[in-house]
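Engineer: only geometry, no sequence info:
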């Protein structure tokens, strides 16, 4: 008789538990037929220990007299690793009591049933002080895998300017089996100027042996330069009653990349608005690079020497700056026109 495998191929899920392989004679015989077999393929056998994908070892099929079939059953391992489909290849050797028929090789494909892991940013938003030098961005792999996974990363978009606020970055992150977290760095540039916080777009693309989860995020560059102060240029001002108009100087303490503003007003003091001077109020604006501004106070000369009088000067509601000397100064108006500092 001829002995052969009952099928050349077989496909099972790794969750199948067990797999049966059968050989058959084309007719019965009164002797015992034995057929050795070897085991190959890409799946790891029992010698792999805890990493085994199946538990089938080299052995022999035995078909007794008046029987026409024999089988062997072996266990497949259902692991939690994402991996490629694997094969177990059984090859029959030279039989005893029969001749070898066809097929004499069976390929069993074990289908992986674990989901492909996701590669994703660890957060939707990151932040770093612009003086930090560099910052690390973490990218994670969601689950264990038997395959090496990769993903491309790049910086782009956002309000920050490449080459001025940060250095562009791009490259490949690689996750060998067992590795579930990787980082890439972004170099930050500190301009030393107070400015608004800026953002850098972060992008993942082109994953291999993984899918994309959260593939975009934002890095906020937190400005850590001290906010400049807006202050009166002097602790006190003076003018003669017949001086007409006096300019009050207001200064910004340092350079800034932002436009700073402040409100000013005249109020208080012993001088009477509309009689001794004209009330004044308004907004001073300091564009980038500007550190000094003035506003006028018009003094009214009534022709009567009433003694020295004062006009209160106040600043309030600054934007993109803090208030330094904002309310202490007085403008001293002397009927003699002699300037003094108080």
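Structural biologist: Noted; the coordinates are in hand. Only a predicted model underlies this, so the values are computations on that prediction, with no experimental measurement involved. Numbering: from 1, shown residues only.

Engineer: residue ranges with poor pLDDT in this structure?
Structural biologist: Low-confidence segments of the chain (pLDDT under 70): 192, 243, 304-306, 326-342.

Engineer: count the residues that sit near residue 55.
Structural biologist: For residue 55, the number of neighbouring residues by other CB atoms under 10 Å comes to 13. Every C-beta, even on glycine, is put in place using the N, C-alpha and C of the backbone.

Engineer: could you check how far it is from residue 22?
Structural biologist: From residue 55 across to residue 22, the span is 18 Å (CB to CB, to the nearest Å).

Engineer: what residues are bridge-paired with residue 140?
Structural biologist: Under the criterion DSSP bridges, residue 140 forms beta bridges with residue 120, residue 181.

Engineer: surely it touches residue 119?
Structural biologist: Yes. Between residue 140 and residue 119 there is a contact at 7.3 Å, judged by CB atoms under 8 Å.

Engineer: where does the residue nearest to residue 263 when sequence neighbours are not counted fall, secondary structure wise?
Structural biologist: Spatial nearest neighbour of residue 263, chain neighbours left out: residue 317 (4.6 Å); criterion: CB to CB, 6 or more residues apart in numbering. Per DSSP states H and E: residue 317 is located in strand 309-319.

Engineer: so which elements touch that strand?
Structural biologist: Applying 3 or more CB pairs under 8 Å, 6 or more residues apart in numbering; DSSP states H and E, one finds that strand 309-319 contacts strand 229-232, strand 260-266, strand 330-334.

Engineer: now with 10 Å, please.
Structural biologist: For strand 309-319, the packing partners by 3 or more CB pairs under 10 Å, 6 or more residues apart in numbering; DSSP states H and E come out as strand 229-232, strand 237-240, strand 245-252, strand 260-266, strand 281-286, strand 292-298, strand 322-323, strand 330-334.

Engineer: direction included, what does the longest one pair up with?
Structural biologist: Same thing as strand 245-252. Partner strands for strand 245-252, per DSSP bridges, with pairing direction: strand 229-232 (antiparallel), strand 292-298 (antiparallel).

Engineer: list the buried residues in it.
Structural biologist: 246, 248, 250, 251, 252 (16 or more other CB atoms under 10 Å).

Engineer: tell me the angle of it relative to strand 281-286?
Structural biologist: With axes from the mean of the first three to the mean of the last three CA atoms, to 10 degrees applied, the angle from strand 245-252 to strand 281-286 works out at 50 degrees.

Engineer: on that earlier part again, most packed of the strands paired with strand 245-252?
Structural biologist: Stretch with highest mean neighbour count among those: strand 229-232 (a mean of 22; mean count of other CB atoms under 10 Å).

Engineer: how far off centre is it?
Structural biologist: When distances are taken as CA atoms, centre = their mean, to the nearest Å, strand 229-232 is centred 39 Å away from the chain's centroid.

Engineer: circling back to that earlier point, who's in contact with the residue nearest to residue 263?
Structural biologist: 261, 262, 263, 264, 283, 323 (CB atoms under 10 Å, 6 or more residues apart in numbering).

Engineer: pull the number of nearby residues for residue 115.
Structural biologist: 10.

Engineer: does it touch residue 142 like I think?
Structural biologist: Yes. Using CB atoms under 10 Å as the test, residue 115 is close enough to residue 142 to be in contact (8.8 Å).

Engineer: give me the common contacts of the two.
Structural biologist: Shared contacts of residue 115 and residue 142, defined by CB under 10 Å, 6+ apart, comprise 82, 211.

Engineer: which other helices and strands does whichever strand or helix holds residue 221 contact?
Structural biologist: Take DSSP H and E as the rule and residue 221 turns out to sit in strand 216-222. Packing contacts for strand 216-222, counted by 3+ CB pairs under 10 Å, 6+ apart, involve strand 118-121, strand 125-129, strand 134-141, strand 198-208.
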